[in-house]
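# For reference, the sequence and a predicted model appear below.
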Amino acid sequence: MNDTEREAIILNSAWDMIDGMVNWAIFEKTDRVEISNLWFPSSQHRQLFLILLADFLSQTRGYSGRPIPLGLQEPPSGTAPSNLTFLFHLRQVCANPVFNHDASELLAAVEGFTAWLEREFVTEGVNLHGIDVVTDLKVSRLQYIRICGDIAKHNLARLEANTKRLRDLLAAAGSPISESQAYLAIPSFNEWFADNIFIYHASHIAELLNNIRWAIYRYLQPEFRRSWHRSEGWSELFPMYGYNVPAAIQEPIVHAMYWDAMNRSRSVPYVQEFVIPAHSKTEY
């Protein structure tokens, strides 16, 4: 894949993933012009949002050690934790933009989310009642979201890596536990973080994701205006249109993704821009 094809893949994929997370099916619809908070209609909606978010924040890998599909690049070794997420690929777009010479808004939105994710916080008195341990846990937002996302998605037999992460967190807190205890602690850890802290964070996460989506939309507007045209036979009854696909895009799958990205660019994102009040962002 060349740079143009890779950028089309990344931007369309990111927009598609955010559309799946931040929408009025996942969150309760509000008619307010200014959104002050977002609510999940049910615990199942919260769980789906968490699973999709954890996927977005997982490292893109090839199957069985193969290269990453579609020509996406591998993050460097020893890199920041946020680069082991799809945000790394958005950073690559910002470092070498193709469809627009100015990627500053997109970069600011991506960096705003990464800075939030990598910040650590201490939760006092975490009650892991399954193993009779009460302790203060220091964890990054990215860490706990990944752990809780895996818990939401997998059964106990597929949580070995997360038991190791939980043991490391507890050892750092001065409360070392065994592997068996880690499995017993998973439900109470999830109750503390997914059922409480994540719900508190969800509105702010949605705001940060929505910022990225709107930044992608505005970033692609010059390319949309260049590319869109009326097709032969256009009429008010049959408003046929097409896109002048860049010559560098040769792969059929990228051709389709470019069309998807341009079609998304025809109208503004369906969740308006919003800012959660500062008093709802002060904890954790």
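That came in fine, so what should we check first?

# Could I get the phi/psi values of residue 111?
phi -70, psi -30 (degrees, to the nearest 10).

# how about it, what does it touch?
Not one residue lies near residue 111 by Cβ atoms under 8 Å, 6 or more residues apart in numbering. For glycine as for every other residue, the C-beta is placed from the backbone atoms N, C-alpha and C.

# Could you list every helix and strand in contact with the longest helix along the chain?
When the chain is parsed with DSSP state H, its longest helix is helix 198-227. Applying 3 or more Cβ pairs under 8 Å, 6 or more residues apart in numbering; DSSP states H and E, we find helix 198-227 packed against helix 3-21, helix 43-56, helix 104-118, helix 141-153, helix 252-264.

# who wins for proximity to residue 62 among the ones you listed?
Counting by Cβ to Cβ, residue 62 lies closest to helix 3-21 out of the helices and strands packed on helix 198-227; the figure is 14.6 Å.

# buried residues in stretch 164-177?
165, 166, 167, 169, 170, 173, 175, 177 (16 or more other Cβ atoms under 10 Å).

# Filter those down to just the ones in helices.
Per DSSP H, the buried residues of stretch 164-177 map to helices at 165, 166, 167, 169, 170.

# could these go into a markdown table alongside pLDDT and distance to residue 270?
Below are these laid out as a markdown table (pLDDT from 0 to 100; distance: Cβ to Cβ, whole Å):
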| residue | pLDDT | distance to residue 270 |
| --- | --- | --- |
| 165 | 93 | 36 |
| 166 | 93 | 38 |
| 167 | 94 | 43 |
| 169 | 95 | 38 |
| 170 | 95 | 42 |
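
# Of those residues, which is the nearest to residue 89?
Using Cβ to Cβ, residue 165 comes nearest to residue 89 of those, at 24.0 Å.

# Quick check, the closest one in contact with residue 143.
Yes: counting by Cβ atoms under 8 Å, residue 165 does reach residue 143; the two are 7.0 Å apart.

# Look up how far residue 89 lies from the most centrally placed residue in the chain.
By Cα atoms, centre = their mean, the chain has its centre lying nearest to residue 56, at 4.0 Å. Distance check for residue 56 against residue 89: by Cβ to Cβ, to the nearest Å, it reads 11 Å.
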